[in-house]
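In: got a predicted structure plus its sequence, pasted below:
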2 protein chains.
Amino acid sequence: MTEGEAGMAQAVEPRRAASVERWQGESDVLVVGFGSAGVCAASQAARDGAEVLAFERAWQGGGTSAESTGQIYMGGGTPLQRACGFEDDPDEMAKYLEASCGPGADVAKIRLFSERSVEHFHWITDQGIRFDEDVVDYQVSTMPAPGKALSWTGSERAYPFCEIARPAPRGHNVNVDGTPSGELLMRTLIAGAQRAGVRVQPQSDVRRLIVENDGHVVGVEARIDGDLCCFRAHSAVVLATGGFVSNEEMLQRHAPELLRCGRPIAAETSDDGLGIQMGMAAGGETIRMGSACIVLGFAYGNRKNIRGILVNGRGQRYVNEDVYQSLHGEIALLRQDGDVYLIVDDTIYEPNPEDPELGGTTYPLLAVAETVEELEQELGMPDRSLTHTVNVYNENARRGEDPFFHKESCWLQALDTPPFAAIDLRVGKGPYSVFTLGGLRTDSSQQVQTSSGAPVPGLFAAGRTASGIPAQGYNSGLSLADCTFSGRVAGAAAAALRP
Amino acid sequence: MTEGEAGMAQAVEPRRAASVERWQGESDVLVVGFGSAGVCAASQAARDGAEVLAFERAWQGGGTSAESTGQIYMGGGTPLQRACGFEDDPDEMAKYLEASCGPGADVAKIRLFSERSVEHFHWITDQGIRFDEDVVDYQVSTMPAPGKALSWTGSERAYPFCEIARPAPRGHNVNVDGTPSGELLMRTLIAGAQRAGVRVQPQSDVRRLIVENDGHVVGVEARIDGDLCCFRAHSAVVLATGGFVSNEEMLQRHAPELLRCGRPIAAETSDDGLGIQMGMAAGGETIRMGSACIVLGFAYGNRKNIRGILVNGRGQRYVNEDVYQSLHGEIALLRQDGDVYLIVDDTIYEPNPEDPELGGTTYPLLAVAETVEELEQELGMPDRSLTHTVNVYNENARRGEDPFFHKESCWLQALDTPPFAAIDLRVGKGPYSVFTLGGLRTDSSQQVQTSSGAPVPGLFAAGRTASGIPAQGYNSGLSLADCTFSGRVAGAAAAALRP
C-alpha cells in the first residue's frame, strides 16, 4: 500500500469515540449531505421533535437534486393526478414499479412507497411546493413543460408495462415561472427544513464516522476551515451524500460499463461515493452496485423520433421505441453493447431540435441516403439486414401493428419519405447520461444493515447512498421521489431513537 | 429484527479476541475451506515453511472442485500445449483473458496469472497430476475427452476473440483411467497438502473470525462436535469457502437474475457465501457481486448443434453460435431475457445425445415442422421473422460466410433438410448452470481490502470467495485455475507474515 492509499484509507475508516478529546458540537440527529435526501431526513427528524444538525460540503445545500429538472415520481391517486383526470391507486403504482425496477426490486419498499405516495405528496406541498393543475400531452411528454405539472416519465403506456398495470402519469414537475426547476424544489425544501429548526453547517466535509468499541455509530468527524472537528449524535447519523458516479475508481470496480458513457449526472460537490464508503467501513453491506440509471435521450428535443426505429449494428430492431429513455439507455448499453442507431425518414428528421440536454446541439447525424439500401451500405450493415427490418416494419406500421415489439399505434408510421437518415446513438456518440443506483443495504426504516442482516447501530442511509426503490431500472422522477421519501423515513426513525 | 435474524447476524460478526477464554489450537496460518483454493493456499503456505491448519466442513475436502470435470485453464506455452503442437505465450493469453473476462477485468491479476501460468503448470504436476499428451479435436471439443488432456474451453477461436489474440487451447484436463475427474484432481492436491505437512480439521464449521480491537484478524471460531472452539493464527487467516450460489438470500440481493436458472454448480457443503460474509464483517469490500458463470450447454452432447442457429423470440439471430457455452449463457440470460431457441434441420438433430450434464435426457424439443414457415408459426414468432433469418443465413452459409456474426466457416451449413426443429433453450427449460463470480476485493497478494483500498490486517481470500480473474465472463477451467493459483498466492503471502 502506498502512502497515498493509506491516507485515503484512513480517511473513511471509522474513528473510535474514545480517541475524541473534544466534541465540537452535538445533536440528536446528524445528517451528512444536504441534497434532497438529507434535507428531507433533517426536516422530518426536526418535525418529529429531534435536534438536528446537517453537514453540507458546499456553501449551500441542494446537491445533484438542485441541478435536476425537479420531477418527482408520485402516484396512487394524488390530488394532481385526480385534477388532471387520471385514475391511479397504490396497487397499480406498485405493480408498475415492481415490473420496471427489477429484477430484484425491493417489493416491501415499493409497497410502502406506493401506499404512502399520496401522503408524501401532501408533505411535499406542505413544504411550499405548488403544482399547476395541468398535464403534458403524452405525445410531447418527456421533459417537463412550462406551466404543466404532470407528465409521463416512465414506460407506463409502453408494452409490456401497459399490460401489467393500468397506466397513469406520475411525474410531478416543480415549475417556477413556467420553467422546470430542481433548484426551486431544493430551495423550498431547504427553507422548510430551516423553518423546522434544522441547523446547517455549510462547507463542512465529513470524512469519517465515529464509533464506540462495539460498533455503535455515535458521531462524525468533519473538516471545517481546515480543522478536524468531532460532532456527537445522541440518536443517530443519517448518510445522504448521493451515489458514486463521480468516483472513477469505484465505477471501475463496481460498474465498469458506465465508464463508457460520457456524462455523469452529478453536482460538482456530490456523488463521490464517500457516504457509501463510510457506511461500508462501519459494517454496512452494499447491494446492486452495478445498477445505474442510464438515460439515452434520443427523443428529448424531437418527440417524433419515437416514430423512427432503433436498430443495432446488424440492422435489427431490438426494442419498442416508446419505452422510456432510461430503459433505452439500459438496453442499448448493457444489452446491445452500445452499438445502436436511430433510423428516420424525412418526415421525422429535424435538423436542429431544441434539446436542453444537448446544449443546443443537434443529434449526431451519421448517414443520409435516398434509399434504405444505400443507408444500409453506408452504415456497413450486412446485406438485406436494415432493408428487411424497414420493409417489415413499414408493412406492419401501415396496418397500425407492431407484432415484433408492440410499439403503441400512435407512434407507428411507415418510413417511406426519402431521404432516410441514421442518427448516431452509439455509446460515446449519442446522448447517454448516467448516475448510480447501487448503495448501502437498508431495512424498511432505512437503517444500514450488515451482510447478515443485522442493523448497524446508530446508522441510517437515504437517497442514492442507499440501494432504494429503483434497485435496477429507472423512471424519471424516481430518484427525487426515493430520495425525499427515504430521507423522511430515515429522519423519522433516527428521531425516534432519542433517549 | 427477529430473533432468527439476530442469531444469523451474530453468526458472522467477528468475535473480539479479548473475549476468548481458551484457545483450542493455534497455527501460523489458518485456512477456512478445503476445496481447490484452500488446499492450494495451505500447500503453498506449508511449503513456504508455515505451520498450517485447515478447516473443512465435510468429512473430507474437495468442495465444488471435486465435483467438477477437472479442467484447469493454463497457457502461455505449457509443456502440454507444446507437446500438442500449439504455440502460446503469456501475452496472447493475457490479451484473450482481458477481452473475455470483462468489462472491468482485473488487468494486473490477469497479467500475473498469465506470466506465471507455465510455472503454475509445473506446480500442479509436481503435486502428482499427470496430463496425457493429446488434444481433443476442436470440432468435438467442449467437454474433456478420455485420454486427451488438452481441449478448447473458451471462445479463443470465435469472433471477435480470434482477432484479438492468437487462439490456443488452454483447457488442461485431469483424467483418471481416461475419465475426466475433478475428484482425482482434488484427491491428488489434498495428498500433496498432507505431504507438505498441512493439518486438517474435518467436520468443523467456521462461522466467525476473531479480531483484535484494532480490526486485525487473529483467528477463527469453529463449531466442532457441537462445541465452539477458538483457534489462533500467528500470521493470517485465508478464507476459501467458495462463492454464494447456494445462498438464495444473497442471490436475491446481489444477482437476482440467477434465481431464474435451475441448476447451481455447488457441492452440498459449499458456496453458501459465509466466507464472503465473514470477510465483509471484518471490513472487506465486495465487488462485482452480480457477475456469474452462466453455462448454456446446448452443444455438450451434440457438437453439431453449433451448426444450427440460435434465435431469440423474435426469430433474430443474436450471437455467433461458436462462442463458448459460458458466454452463451451470459448473453442468453442477461441480454436476451432468457428467451432463446436453437433451430436445426434434420442433418443436425440427434434425438438422444449423450450428455452427462443432462443426465441422459435429451435437449427439450419444442417444435418440429416440415418448413421453416410452419416452424415460425408454431413458435408464435412474427410473420417473416425466422424465415427471413434462415433464408439469409442459408444464402451466406452456402458461400461459407456469416457477415452478421462471423461464425467460423467450419460450422456453417445451410439449414435446408426437413424436418426443421426448435430446441427449447429458454431459461427454465434449457440446460443453464450457474455459479457466482463476485466476492471479496483483494490486492495482488490476495489480501482482503476495504472500500478505501486499505488491507484488512491478517485476512486473505482466494478462489470464488474473492473476485478474481473471471471478474465477469467465463471460460471453462478458469475457476479451477484461478482457485488453485490465487490460493497459492494467498498461502505464500500469509506464510510470509510469520513472526
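Out: Received, thanks.

In: go through the longest helix seen in chain A and flag the buried ones.
Out: Longest helix in chain A, counting residues (DSSP state H): helix A:478-495. For helix A:478-495, burial by neighbour count (16 or more other C-beta atoms under 10 Å in any protein chain shown) applies to A:478-495. Where you see a C-beta, it was placed from the backbone N, CA and C, and this is true even at glycine.

In: and if you look at stretch A:179-189?
Out: A:180-189.

In: and which of the residues you listed is nearest residue A:400?
Out: Using C-beta to C-beta, residue A:180 comes nearest to residue A:400 of the buried residues of stretch A:179-189, at 33.5 Å.

In: ok, the strand or helix carrying residue A:223 near chain B or not?
Out: For residue A:223, the host element (DSSP states H and E) is strand A:217-224. No - judged by C-beta under 8 Å from any C-beta of the partner chain, strand A:217-224 stays clear of chain B, getting no closer than 14.6 Å.

In: list the strands paired with the helix or strand following that strand, with their directions.
Out: Downstream of strand A:217-224, the next assigned helix or strand under DSSP H and E is strand A:227-239. For strand A:227-239, the paired strands and their directions (DSSP bridges) are strand A:23-32 (parallel), strand A:217-224 (antiparallel), strand A:455-461 (parallel).

In: can you check the pLDDT for the nearest residue to residue A:475 once chain neighbours are set aside?
Out: Closest residue to residue A:475 apart from its sequence neighbours, by C-beta to C-beta, 6 or more residues apart in numbering or on different chains: residue A:154 at 3.2 Å. Note for residue A:154: predicted pLDDT of 93.

In: quick check: closest non-adjacent residue to residue A:233.
Out: That would be residue A:30: by C-beta to C-beta, 6+ apart, it lies 4.4 Å from residue A:233.

In: residues in contact with that neighbour?
Out: A:52-55, A:219-220, A:231, A:233, A:236-238 (C-beta atoms under 8 Å, 6 or more residues apart in numbering or on different chains).

In: kindly report the same for residue A:101.
Out: A:110, A:469-475, A:478.

In: start to end distance for stretch A:304-317?
Out: 17 Å (C-alpha to C-alpha, to the nearest Å).

In: hey, C-alpha coordinates of stretch A:475-493 in CSV?
Out: Once non-C-alpha atoms are left out, stretch A:475-493 reads as follows in CSV (Å, rounded to 0.1, in the frame of the first residue of the first chain):
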residue,chain,number,x,y,z
ASN,A,475,-38.1,6.1,-14.4
SER,A,476,-37.6,9.8,-14.4
GLY,A,477,-38.5,11.4,-11.1
LEU,A,478,-37.9,8.2,-9.2
SER,A,479,-34.7,9.3,-7.7
LEU,A,480,-36.1,12.6,-6.3
ALA,A,481,-39.1,10.6,-5.1
ASP,A,482,-37.0,7.9,-3.5
CYS,A,483,-34.6,10.5,-2.0
THR,A,484,-37.2,12.6,-0.5
PHE,A,485,-39.3,9.7,0.8
SER,A,486,-36.4,7.5,2.1
GLY,A,487,-34.9,10.7,3.7
ARG,A,488,-38.2,11.2,5.6
VAL,A,489,-38.3,7.6,6.7
ALA,A,490,-34.7,7.7,7.9
GLY,A,491,-35.2,11.0,9.6
ALA,A,492,-38.3,9.7,11.4
ALA,A,493,-36.5,6.5,12.5
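
In: list the buried residues in stretch A:82-100.
Out: Buried-residue list, stretch A:82-100, by 16+ other C-beta under 10 Å: A:84, A:86, A:88-90, A:92-100.

In: now do stretch A:193-207
Out: A:193, A:196, A:198, A:200-201, A:204-207.

In: now stretch A:421-428
Out: So, applying 16+ other C-beta under 10 Å, buried residues of stretch A:421-428: A:421-427.
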